[in-house]
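# Based on what follows, work out the 3D shape:
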Amino acid sequence: MRTGHEVPRERRAVTDGGEPTLTASVVGASGFAGGELCRLLTGHPNFELVQATSREYENKTLGYVHPNLRGVDVRFSSPEDLDSVDVLFASTPHGVSMEHIDAFRDAAGTVVDLSADFRLDEADAYDEWYDGHTAPEHLADAAYALPELGRETLEGADLIASGGCNATATMLALKPLVDSGVITPDDQVVADLKVGSSEGGAGGGAASSHPERSGVVRPYAPTGHRHEAEIQQELGLSLSFTVHAVDMTRGAAATCHAFPSERVTTGDLWGAYREAYDDEPFVRLVAGGGGVYRYPEPKAVAGTNHAEVGFELDPENGRVVAFSAIDNVMKGAAGQAVHAANVALGLDETAGLEFQGLHPVGSP
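Coordinates of the predicted model:
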């Protein structure tokens, strides 16, 4: 794997409890994911948020843009004037980080990028799925952020690529089936995603405005969604993938239909999902139990770094229906980034991410 980075001792402070306090900055802090990063870092026992950047809101307080952060004594600064920090989180649109990655890595011992700029291993994949790559020499250094796919690639990593929210939801649903051999690359898999308006970002445009979004179930990526590339890379699956915009603010729900070449039992599926996730602190297995919420539900994980996963077996034709639900801004972005940073830096991986959510709540 990539060369790990040891945080310089001269840049470490120590809390009364003996735990390290690491300085952190958020580049692109005015967006939804950037705001969540600021929220998480200000409540994290091992991080001190020292810089949050935004060209548009330079010198404004965080609370000017993110009203839930009105009590945080940090003002937006220019992204051209980066502080030297232990960890830099880049929450910028696709294409920005690859242009500024040298400056980011000069400013911080560990860089966590929330865009798509370093998620794929090969420059050729960016030619196929995006518009090419301007800094391909950094791709080999990047570790994919989702800890449930493999912590060993994150430990000591100094460039971390946070996964796409729709890819994250889909892979968490399907990973136990791949790991256990229930499905293989030759089996047919269809993934259908329902996602909230926050996926469009703070500047999402007319399609994400409330009057246009209200009441819809609108397909916006029937084929060729870019997150398919991550699924192919990380799980080795080629699948049919469609995304719908629905009337919720936070959340991504994946319903995946897998057609194994060999029949499996419900017991086989329970064994596969328990083997994959019993020891995972942020994955909850919800598979047809009692109560109102019998299967994974975005509303139940809103504001948290938790994912819910589940399954159902169709006894008529052997089809396996795999479900997952996440908060796209948290498990699909900011929460995943902080979780990965915790692992990379040898911290308690649940630190700063213990919030369990609320019930009842309105639209997530």
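
# hey, where'd the helices end up in the stretch 201-350 of the chain?
For the stretch 201-350 of the chain, the helices defined by DSSP state H, counting those that start in this stretch cover 210-213, 228-235, 266-277, 335-344.

# from those helices, which stretch is densest packed?
helix 335-344 (a mean of 27; mean count of other Cβ atoms under 10 Å). For glycine as for every other residue, the C-beta is placed from the backbone atoms N, C-alpha and C.

# Redo the helices of the stretch 201-350 of the chain as CSV? Include distance to Ala157 and mean pLDDT.
CSV is the format used below for these (distance: least, Cβ to Cβ, whole Å; pLDDT from 0 to 100):
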stretch, distance to Ala157, mean pLDDT
helix 210-213, 37, 78
helix 228-235, 15, 96
helix 266-277, 22, 98
helix 335-344, 5, 98
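
# Out of those, the one nearest Arg319 is which?
Of all the helices of the stretch 201-350 of the chain, helix 266-277 sits nearest to Arg319, with 11.8 Å by Cβ to Cβ.

# related to what we said a few turns ago, just tell me which of the helices of the stretch 201-350 of the chain ends up closest to Asp247.
Counting by Cβ to Cβ, and looking across all of the helices of the stretch 201-350 of the chain, nearest comes helix 210-213 at 6.2 Å.

# CA-only coordinates of the closest one in PDB, if you can.
What follows is helix 210-213, C-alpha atoms only, in PDB (Å, rounded to 0.1, in the frame of the first residue of the first chain):
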ATOM      1  CA  HIS A 210     -38.100  22.900  -3.300                       C
ATOM      2  CA  PRO A 211     -41.000  23.600  -5.800                       C
ATOM      3  CA  GLU A 212     -39.400  21.400  -8.400                       C
ATOM      4  CA  ARG A 213     -38.300  18.700  -6.000                       C
END
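
# For it, which outside residues touch it?
With Cβ atoms under 8 Å, 6 or more residues apart in numbering as the test, helix 210-213 has contacts from 197, 206-207, 245, 247.

# Filter the residues you listed down to the buried ones.
197, 245 (16 or more other Cβ atoms under 10 Å).

# would JSON lines of the contacts of helix 210-213 with pLDDT and distance to Asn68 be doable?
JSON lines is the format used below for those (pLDDT from 0 to 100; distance: Cβ to Cβ, whole Å):
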{"residue": "Ser197", "pLDDT": "86", "distance to Asn68": "18"}
{"residue": "Ala206", "pLDDT": "73", "distance to Asn68": "26"}
{"residue": "Ala207", "pLDDT": "71", "distance to Asn68": "25"}
{"residue": "Ala245", "pLDDT": "92", "distance to Asn68": "25"}
{"residue": "Asp247", "pLDDT": "91", "distance to Asn68": "23"}
